[in-house]
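S.K.: Structure, please.
(one chain, ligands or ions: 1)
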Amino acid sequence: MWNPAASEKAARNPLGRRLGSPRAQVIPLGAISHELFAVSGLLWIFYTSTVIENLVFITGGSSGIGAAMARVVPYPDARVINISRRAQKGTDHYQADLSDPAAWHGVADLFAREMKDFAGERVVFVHSAGTLQPIGFAGEVPMDDYARQVLLDSASPQVLGDAFLRAARKIQAECHVVMISSGAAFTVFEGWSAYCAGKAAMDQWVRTAGAEQARRGGRCRLLAVAPGIVETAMQEEIRAASSDGFPSVEMFVGFRDKGQSRDPEEAAREIWSLLERDLENGAVVDLYVPAD
Ligand SMILES: NC(=O)c1ccc[n+]([C@@H]2O[C@H](COP(=O)([O-])OP(=O)(O)OC[C@H]3O[C@@H](n4cnc5c(N)ncnc54)[C@H](OP(=O)(O)O)[C@@H]3O)[C@@H](O)[C@H]2O)c1
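M.R.: You can find the predicted model right below:
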């Protein structure tokens, strides 16, 4: 929706192009789609970026916690870009398979492109994409699947976090990185070796890069959040695992049966609220509440 105050800000953007009313920005075909207008038989693709005060990138915004984070973004005028394989209604989509290192450059380019000339208030990168597959013991699951999981869960948070911070150096806006971690970072779950290792790596990357950002003045703030047990497709996958490949399966079935898994939007709101707290840069927060 057009916002006159914001439009005034957009008018100060020397690169803003008038393509109609309000100001709109043409964005490349094939990369992101937002609104389609057919004009005189020609197909024009416009993104109505009248004013973007808050720019939010969410990997894994197509499902579960990431999709819930997108739905309950606490900034009314936010532009949200979902980075994942599947699109999700209500957000722009940048398609990427993040278990493929070849895709990471494209995401880095997206960050650089979207942040170049960004004059709004805040940029946020939420990294929620993750996978438990293949569930099974190390040495007993297919090597290529295992390698893809390592790339997605261990490597992509670090490489994409680095790319985001690099792009954010060019702007003045408040800047946040939120990594969706897990209690698996500090608990041994047999059958999840690459997942546990990936979340531990994520946490330590956040601690270290957070300390670096603090030394650089702290404009960019980093946070890793273990969201607790949240009722998503991933929980369904866990409950469907065999006890041979995942001996703790009954415990997770119990979380569901006892009503102990949380609603994704409730978890998402709590995660967003952490950005307002005065946490140490590089904090690792566990939202899991043990049952009585
Ligand atoms: N649910 C829980 O209880 C729980 C607990 C602790 C931590 N977490 C963490 O929360 C995060 C979100 O999980 P969720 O529970 O919301 O699961 P989910 O509903 O299964 O969502 C997983 C998301 O990751 C994306 N993703 C998976 N593989 C991808 C790939 N190769 N490339 C790009 N994106 C990929 C999926 O998007 P596409 O399929 O569209 O690519 C999807 O949006 C994960 O990092 C998970 O480890 C969840």
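
S.K.: what residues does the chain put near the ligand?
M.R.: 59-60, 62-66, 84-86, 96-99, 128-131, 152, 180, 182, 226-227, 229-230, 232-235 (CB under 6 Å from any ligand atom). In short, each C-beta sits where N, CA and C put it, glycine included.

S.K.: which among those end up buried?
M.R.: Burial by neighbour count, judged by 16 or more other CB atoms under 10 Å, picks out 59-60, 62-66, 84, 96, 98-99, 128-131, 152, 180, 182, 226-227, 229-230, 232, 234-235 from those.

S.K.: so where do the helices sit in the stretch 1-150 of the chain?
M.R.: Here the stretch 1-150 of the chain has its helices, by DSSP state H, counting those that start in this stretch, at 4-11, 64-71, 102-115, 143-150.

S.K.: State the number of residues packed around Pro290.
M.R.: 6 (other CB atoms under 10 Å).

S.K.: mind checking the SS state of it?
M.R.: Using DSSP: H, G, I helix; E, B strand; the rest coil, the three-state assignment for Pro290 comes out as coil.

S.K.: any idea how far it is from Ala283?
M.R.: 20 Å (CB to CB, to the nearest Å).

S.K.: What of Gln260?
M.R.: Distance from Gln260 to Ala283, by CB to CB: 25 Å.

S.K.: about what we covered before: in TSV, list the helices of the stretch 1-150 of the chain along with mean pLDDT.
M.R.: Putting the helices of the stretch 1-150 of the chain into TSV (pLDDT from 0 to 100) gives the following:
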stretch	mean pLDDT
helix 4-11	33
helix 64-71	98
helix 102-115	98
helix 143-150	98
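
S.K.: out of those, nearest to Ala267?
M.R.: Ranking the helices of the stretch 1-150 of the chain by proximity to Ala267 (CB to CB) places helix 64-71 first, at 6.1 Å.

S.K.: which outside residues touch that closest one?
M.R.: When contacts are defined by CB atoms under 8 Å, 6 or more residues apart in numbering, helix 64-71 is touched by residues 56, 58-61, 80, 82, 84, 88, 90-91, 126, 128-129, 180, 227, 230, 232-234, 264-265, 267-268, 271-272.

S.K.: Cross those against strands and list the overlap.
M.R.: 56, 58-59, 80, 82, 84, 126, 180 (DSSP state E).

S.K.: Mind picking the two most distant members of those residues?
M.R.: With CB to CB as the measure, no two of the ones in strands among the contacts of helix 64-71 lie farther apart than Val80 and Ile180, at 15.5 Å.

S.K.: Please tell me how far Asp203 sits from Cys220.
M.R.: Counting by CB to CB, the gap from Asp203 to Cys220 is 17 Å.

S.K.: which of the helices of the stretch 1-150 of the chain sits most buried?
M.R.: Stretch with highest mean neighbour count among the helices of the stretch 1-150 of the chain: helix 64-71 (a mean of 24; mean count of other CB atoms under 10 Å).

S.K.: Counting neighbours, which bits of stretch 239-257 end up buried?
M.R.: Neighbour-count burial for stretch 239-257 [16+ other CB under 10 Å]: 239, 241, 245-246, 248-249, 252, 255.

S.K.: Among the residues you listed, which pair sits farthest apart?
M.R.: For the buried residues of stretch 239-257, the maximum inter-member distance is 18.4 Å, found between Gly245 and Phe255 (CB to CB).

S.K.: Now the closest residue to the ligand within the stretch 1-150 of the chain. Nearest residue, chain neighbours left out?
M.R.: Distance from the ligand to each residue of the stretch 1-150 of the chain (CB to the nearest ligand atom) is smallest for Gly64, at 2.0 Å. Counting by CB to CB, 6 or more residues apart in numbering, Thr232 is the residue found nearest to Gly64 once chain neighbours are left out, at 3.2 Å.
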